[in-house]
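1. Quick one, structure for this:
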Amino acid sequence: GERRIVTLTREGGIGKTALALEIADWCEERAGFPGGVFELACEHFRSVPEWLSQLLDRFGVPLQEQRGDLLELLAGRLAASFPPERPALLLLDNLDDLFGRDLRRDAAAVLETALTATPALRVLATCRWPLGLADHEAEVEIKPLDEAEARDVFLSHLTSPACKSGFRASWEQEESGLARQLIVLSGRHPQSLRLLARQLERPGMTLKRLVEEARADLLKVLVDPLADDDASRLQKVRVSYQLSYRHLSEAGKLLFARLSRLPGGVWCGELPEQFLGWRELLGENWREVLEQELEHYALVHYESSGEAEGEGRFAMLPSMLEFASEKYRIDDQKDWEAGWLSFWRQHLEAWNEWIAGRVPEGMALAPEFHHRLVMLAYRLFEQTQANWLAAFDALAAGRDGAALCGLLLRVVKFLQLSGQRVLERA
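-> Residues are numbered from 1 along each chain as shown. Below is the predicted model of the structure:
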């Protein structure tokens, strides 16, 4: 059937509100909805009755006239105000709290009532996750910007000609220079771009220093240096992420924290599932928790690889990854941490053997298939590189030289084949 709710979803600060407001303004300027365009910001509502009362007020029923069954009152008002020939648009911004675990059922009943009352009503909503109204709802995920868009957005937030000139010069002269590094650190996330631009204009700040500060503590940098203490709770990235995190179960919180040890994300598909065995590392129900909680609440996002059908990666924005790192307490994860290091040691050792031409025990291969085994190992190394390099970083930080050398020996053949220099990193 016809979907009359469009929900813009994904992480806080990704641009859902800005896009929704642009759409509403566009519709109003062109008289696309003869019944009118109605807007309601919902981030401050802590109960469904409070929200319902404000909806009624927005549609012309003031508080002093709100008596009896308010759902019936809403249905009657909408049916009378918006016959089929007078379609109306309702913009509901920031529905996260109302459509979290505790209030979702009652909040959904309000929208069901409104949509059933009149076929003329259309709803444009913003929420980190779908509202769960499958019969009425179409979800539109707002993705991070592409690189060129992110550059332009960053520049648009700079007011200093000197800062703009320096950023452009770095961008044009260096393929992996400071300007491009800053865009990578932002995750091409609109709110992060705005905050980084504000930071760059602080007195005495330089591109080099800002990149260094962001690498050292990205979430600390992602605040507005010009904001006062009463700034909106949705304007601080850490607080924004916490609004999603609080909806997780204990299993979801545990998996979220552990994913901070996988900065390259979780590679999924037929090939990784056959040769990686994420269940061993992440637990029996890892995929269910990942999809039903972490992805649903916009803490991770899935990106198709485009290389093979059904193959892709669950990953986090750089700032989200750092937020997850704050939740990972190594003293509480000692057994899992040891298992994580062992997981990569075992896989790297096997893949190193394959590249060296040594066939796995019990596997008989004709000579012409040896090359395929080498290429398979190379792809496994390459696709998981950010994750096993995180193990190198952990061992280097712990000054465990013997373990670090042992891990290095397990990637020698890959490094020879690829020409990379991991020793410089470690």
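2. Pull up the per-residue confidence for residue 274.
-> For residue 274, the model assigns a pLDDT of 88.
3. That one is in what secondary structure piece?
-> helix 270-275 (DSSP states H and E).
4. Then residue 302?
-> Counting by DSSP H and E, the element that carries residue 302 is strand 301-304.
5. What is that strand packed up against?
-> Packing contacts for strand 301-304, counted by 3 or more C-beta pairs under 8 Å, 6 or more residues apart in numbering; DSSP states H and E, involve strand 312-315. In short, each C-beta sits where N, CA and C put it, glycine included.
6. got the contact list for the strand it packs on?
-> 264-269, 290, 294-295, 300-305 (C-beta atoms under 8 Å, 6 or more residues apart in numbering).
7. which of those residues are buried?
-> Neighbour-count burial (16 or more other C-beta atoms under 10 Å) applied to the contacts of strand 312-315 gives 265, 266, 267, 268, 269, 290, 294, 300, 301, 305.
8. now, among the residues you listed, which is nearest to residue 331?
-> residue 294 (23.3 Å; C-beta to C-beta).
9. isn't the closest one right up against residue 257?
-> No. In this structure, residue 294 is not within contact of residue 257 by C-beta atoms under 8 Å, at 10.9 Å.
10. so which helix or strand takes in residue 192?
-> Following DSSP H and E, one finds residue 192 within helix 190-200.
11. which helices and strands does the helix or strand just after that helix pack with?
-> With elements assigned by DSSP H and E, the helix or strand that comes after helix 190-200 is helix 207-216. Contacting helix 207-216 under the criterion 3+ C-beta pairs under 8 Å, 6+ apart are the following elements: helix 161-173, helix 178-186, helix 190-200, helix 218-221.
12. Tell me where the model's unsure across the stretch 301-426 of the chain.
-> 359-370, 417-426 (pLDDT under 70).
13. switch to 50 and redo it
-> Counting by pLDDT under 50, the stretch 301-426 of the chain shows low-confidence ranges at 423-426.
14. how about the helices in it?
-> 318-327, 334-355, 370-383, 385-397, 401-409, 412-418, 422-425 (DSSP state H, counting those that start in this stretch).
15. Just tell me which of those ends up closest to residue 201.
-> Using C-beta to C-beta, the helices of the stretch 301-426 of the chain put helix 318-327 closest to residue 201, at 19.7 Å.
16. ok and the closest one relative to helix 178-186, angle-wise?
-> 50 degrees (axes from the mean of the first three to the mean of the last three C-alpha atoms, to 10 degrees).
17. Now name the helix or strand holding residue 125.
-> strand 121-126.
18. and for that strand, what are the contacting residues?
-> With C-beta under 8 Å, 6+ apart, strand 121-126 has contacts from 4-9, 16-17, 20, 23-24, 33, 78, 82, 87-95, 111, 114-115, 131.
19. ok, and what's touching the strand holding residue 302?
-> Contacts to strand 301-304, defined as C-beta under 8 Å, 6+ apart, come from residues 10, 11, 141, 143, 295, 311, 312, 313, 314, 315, 316, 317.
20. Run the chain-centre distance for it.
-> Taking C-alpha atoms, centre = their mean, to the nearest Å, one finds the center of strand 301-304 at 10 Å from the center of the full chain.
21. Which helix or which strand is home to residue 91?
-> Per DSSP H and E: strand 88-93 holds residue 91.
22. what's the neighbour count on residue 16?
-> By other C-beta atoms under 10 Å, the residues close to residue 16 number 25.
23. which among the buried ones among the contacts of strand 312-315 gets closest to residue 29?
-> Of the buried ones among the contacts of strand 312-315, the one sitting nearest to residue 29 (C-beta to C-beta) turns out to be residue 301, at 32.5 Å.
24. hey, what's the closest one bridged with?
-> On the basis of DSSP bridges, residue 301 is bridged to residue 315.
25. That one and residue 14: what is the separation?
-> 10 Å (C-beta to C-beta, to the nearest Å).
26. mean pLDDT for the helices and strands packed on helix 207-216: which is lowest?
-> Within these, confidence is poorest for helix 218-221, with a mean of 88 (mean pLDDT).
27. following that one, which helix or strand comes up?
-> Later in the chain than helix 218-221, the nearest helix or strand by DSSP H and E is helix 237-245.
28. and that following helix, what does it pack onto?
-> Using 3+ C-beta pairs under 8 Å, 6+ apart, the elements in contact with helix 237-245 are helix 190-200, helix 318-327.
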